[in-house]
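*Asks:* For reference, the sequence and a predicted model appear below.
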Amino acid sequence: MVTHVNAEARGDERGALIAFVEAQRGGIRRSVLGLSDEQAKARPSASELTLGGLVKHVAETELNWLRMAQQKPNEKARTQETWGDSFRLVEGETVAEMLAFWDGVARETEEFIRSVPSLDDTFPLPPAPWFPKDGEVSMRWLMLHLVEEIGRHAGHADIVRESLDGKTAFELVAQEQGYPGQS
């Protein structure tokens, strides 16, 4: 990780988990720093992944997990037919809109996690071949999974961005922080 995650206040496990999720979000947000929507839609490698598509995917994925934990319907649920659209910006979508959407999801995730009685509280997993039958996970598991899920895609974003224009995660952190010589 190219950024430091500050230590939580003593005993603030929720704060620590939120901080680590936010650090991973930052890696993806920085990957689109200074790019146009056209650059964010570009596929500079053999992969079909684009930076704009990664932003959209992690935002929708976080919302999906949040809705499962809240046991509410997901207003952005995907079908088999629309699954591919969760990995790309479609006509009329912009990176700025996806980042704003994700900011709202992130706020809602933090509010929810801070409001649950216990990180040990559980919610059911939906029926799927990749989940255990009648499986349940805790709120703690949810937050750790978001670190894993977003972190995996932050790594993808690092590679796509470096393939696009040569900028590395370290350069993007410096640019974000306003260090001289970074643009």
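*Replies:* Here it is on my side, so go on.

*Asks:* OK, contacts around the most centrally placed residue in the chain?
*Replies:* The centre of the chain sits closest to residue 58, judged by Cα atoms, centre = their mean, with a distance of 3.7 Å. When contacts are counted by Cβ atoms under 8 Å, 6 or more residues apart in numbering, residue 58 is found next to 25, 28, 102, 149-150, 153. The C-beta positions use only the backbone N, C-alpha and C, and glycine is treated the same way.

*Asks:* Tell me the one among these nearest to residue 5.
*Replies:* When the contacts of residue 58 are ranked by distance to residue 5 (Cβ to Cβ), residue 25 comes first, at 11.6 Å.

*Asks:* Look up how far residue 11 lies from the closest one.
*Replies:* For residue 25, the distance to residue 11 equals 24 Å [Cβ to Cβ, to the nearest Å].

*Asks:* who's more crowded, the two?
*Replies:* Taking neighbours as other Cβ atoms under 10 Å, residue 25 and residue 11 compare with residue 25 leading, 25 against 8.

*Asks:* Now the more buried one: which helix or strand?
*Replies:* helix 13-31 (DSSP states H and E).

*Asks:* Could you list the buried residues of the helix or strand following that helix?
*Replies:* The helix or strand immediately downstream of helix 13-31 is helix 37-40, counting by DSSP H and E. Residues of helix 37-40 classed as buried: 37, 39-40 (neighbour count, 16 or more other Cβ atoms under 10 Å).

*Asks:* Check stretch 140-148 too.
*Replies:* For stretch 140-148, by 16+ other Cβ under 10 Å, it's 140, 142-143, 146-147.

*Asks:* swap in stretch 156-167?
*Replies:* Quick answer for stretch 156-167 (16+ other Cβ under 10 Å): 156-158, 160-162, 164, 167.

*Asks:* Show me the helices in the protein, by range?
*Replies:* 13-31, 37-40, 51-70, 95-115, 139-165, 169-177 (DSSP state H).

*Asks:* Please name every helix or strand in contact with the fourth one.
*Replies:* Translated: helix 95-115. helix 13-31, helix 51-70, helix 139-165 (3 or more Cβ pairs under 8 Å, 6 or more residues apart in numbering; DSSP states H and E).

*Asks:* quick one: contacts for the spatially closest residue to residue 51 that is not a sequence neighbour?
*Replies:* Nearest residue to residue 51 in three dimensions, chain neighbours excluded: residue 40, at 4.6 Å (Cβ to Cβ, 6 or more residues apart in numbering). Taking Cβ under 8 Å, 6+ apart, we find residue 40 in contact with 32, 50-52, 55, 89, 95.
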